[in-house]
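> requesting a structural model of the entry that follows:
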Amino acid sequence: MTITLTQRTGPAHTRIYSYGAARGEFAVPNADIIGPIDSSDEWIRQRTGVVTRVRAGADVTAIDLATEAAAEAVERSGVAPGQIDTVIVATISNPRQSPSVSAIVADRIGANPAAAYDMNAACAGFAYAVAQADALIRAGAATYVVVVGAEKLSEIIDPADRTISFLLGDGAGAAVVGPSDTPGIGPSVWGSDGSKWDAVSMNHTLIEFRDGKAPWPTLRQEGPTVFRWAVWEMAKVARQALEAAGVEASDLAAFIPHQANMRIIDEFAKQLKLPDTVVIARDIETTGNTSAASVPLAAHRLLQEHPELSGGLALQIGFGAGLVYGAQVVVLP
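Sure, this is the predicted structure:
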């Protein structure tokens with residue numbers, strides 16, 4: 001006798017229901033960090049567009065930030081916490097190797113016993129997690145998914161590092177993804193180039209630190225390499241995401257790129273030929289680069305400042321250490 005397994009299928013479409021946000025409570029201006037890197041406020045503004053970055057206090061962890069953002073997203077979504085059956089947290093700054101941030105967040109927001117897992121895709125983490133939430137729901141493996149990008153990068157930087165430390169901030173952004181009657185999340189364009197793994201990476205391993213062979217590992221980047229890759233290759237990925245979704249740049253209401261560098265964002269706008277009607281997220285100016293939290297934090301602020309964008313199309317793209325990237329067109333909640 002042949003036994004056929006039962007397989008689940010889900011709804012045809014998904015959408016983002018809501019966003020939530022948590023930012024480090026301290027605004028750190030350029031003047032406070034230029035000493036150790038022998039720089040100036042003018043140099044940082046011209047090269048990156050950062051005026052201040054937000055950082056969290058010593059007693060606040062990435063888990064705390066993730067919980068706050070997730071709780072707001074759930075509250076705004078209209079979905080009861082008990083209906084959340086999956087929590088995905090994208091982070092590179094879990095204070096512990098184990099357990100996952102996501103399992104703790106699921107419990108704290110009242111979603112226990114939701115499936116929960118963390119993922120490490122650095123600055124592309126949120127886009128990766130949205131892609132997974134969309135696929136899980138449409139496959140019938142989940143119904144409502146909380147997606148979080150959360151980072152406390154101030155714990156893994158060297159204040160004297162001139163390559164990236166002055167860019168980075170702390171925060172978390174979250175979204176609730178669920179079923180939809182119409183398409184709300186376009187096809188994801190994602191990938192990696194591990195041949196450039198050392199363009200953005202930790203300068204030492206935890207094993208080297210444990211064995212006393214190196215100081216505490218901190219982030220470093222090869223600025224020119226990352227800039228060229230982001231400007232030229234990621235513009236191609238953004239165009240591919242538009243094509244995959246069947247839309248033109250002129251159809252967009254907003255563009256929400258990873259908040260890596262204002263010069264990169266400006267170059268994106270040029271290469272994509274974005275019309276003036278497209279609102280561009282520039283959260284980096286006062287938040288800094290928050291890696292996996294960058295895109296959802298920027299989206300959250302954009303909707304606060306421009307509520308008229310609700311229901312419009314937004315192109316979001318994340319890219320960073322790995323090197324990895326992910327992009328999709330979404331309907332803004």
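> how about the contacts made by the nearest residue to residue 312 once chain neighbours are set aside?
Once flanking residues are discounted, residue 312 sits nearest to residue 253: 2.7 Å by Cβ to Cβ, 6 or more residues apart in numbering. Where you see a C-beta, it was placed from the backbone N, CA and C, and this is true even at glycine. Neighbouring residues of residue 253 by Cβ atoms under 8 Å, 6 or more residues apart in numbering: 277, 278, 279, 309, 312, 313, 314, 332.
> of those residues, which is the nearest to residue 113?
Nearest to residue 113 among the contacts of residue 253 is residue 332, at 30.9 Å by Cβ to Cβ.
> dihedrals phi and psi, that closest one?
Backbone geometry at residue 332, expressed as degrees, to the nearest 10, gives phi -70, psi 140.
> please apply the same query to residue 329.
phi -90, psi 130.
> this protein: helices as residue ranges?
41-48, 62-77, 101-108, 125-138, 206-210, 223-228, 234-245, 262-271, 284-287, 294-305 (DSSP state H).
> out of those helices, the one nearest residue 174 is which?
helix 62-77 (3.9 Å).
> the closest one: which residues count as buried?
62-74, 76-77 (16 or more other Cβ atoms under 10 Å).
> got a pLDDT number for the closest residue to residue 317 other than its chain neighbours?
The spatially closest residue to residue 317, leaving aside those adjacent along the chain, is residue 327, at 3.8 Å (Cβ to Cβ, 6+ apart). The confidence metric pLDDT takes the value 98 at residue 327.
> tell me what residue 327 is bridged to.
residue 189, residue 317 (DSSP bridges).
> what's the separation between it and residue 115?
25 Å (Cβ to Cβ, to the nearest Å).
> sorry, back to before: can you give me the neighbour number for the residue nearest to residue 317?
Per other Cβ atoms under 10 Å, the neighbour tally for residue 327 reads 30.
> distance of residue 142 from residue 291?
25 Å.
> these two - which one has more neighbours?
residue 291 (35 against 25).
> would you mind confirming that residue 223 makes contact with residue 163?
Yes - using Cβ atoms under 8 Å, residue 223 is in contact with residue 163, at 5.9 Å.
> how about residue 284, what does it touch?
So residue 284 contacts 48, 49, 50, 259, 260, 261, 262, 265, 294 (Cβ under 8 Å, 6+ apart).
> show the buried residues in these.
48, 49, 50, 259, 260, 261, 262, 265, 294.
> and those residues, which is closest to residue 32?
residue 50 (12.1 Å).
> and residue 143, backbone torsions?
phi -110, psi -50.
> give me the neighbour count for it.
Residue 143 has 17 nearby residues by other Cβ under 10 Å.
> just give the nearest non-adjacent residue to it, would you?
That would be residue 85: by Cβ to Cβ, 6+ apart, it lies 5.4 Å from residue 143.
> one more: residue 202?
In space, residue 202 is closest to residue 217, 4.2 Å off (Cβ to Cβ, 6+ apart).
> check residue 51 too.
Nearest to residue 51 is residue 285, by Cβ to Cβ, 6+ apart, at 5.3 Å.
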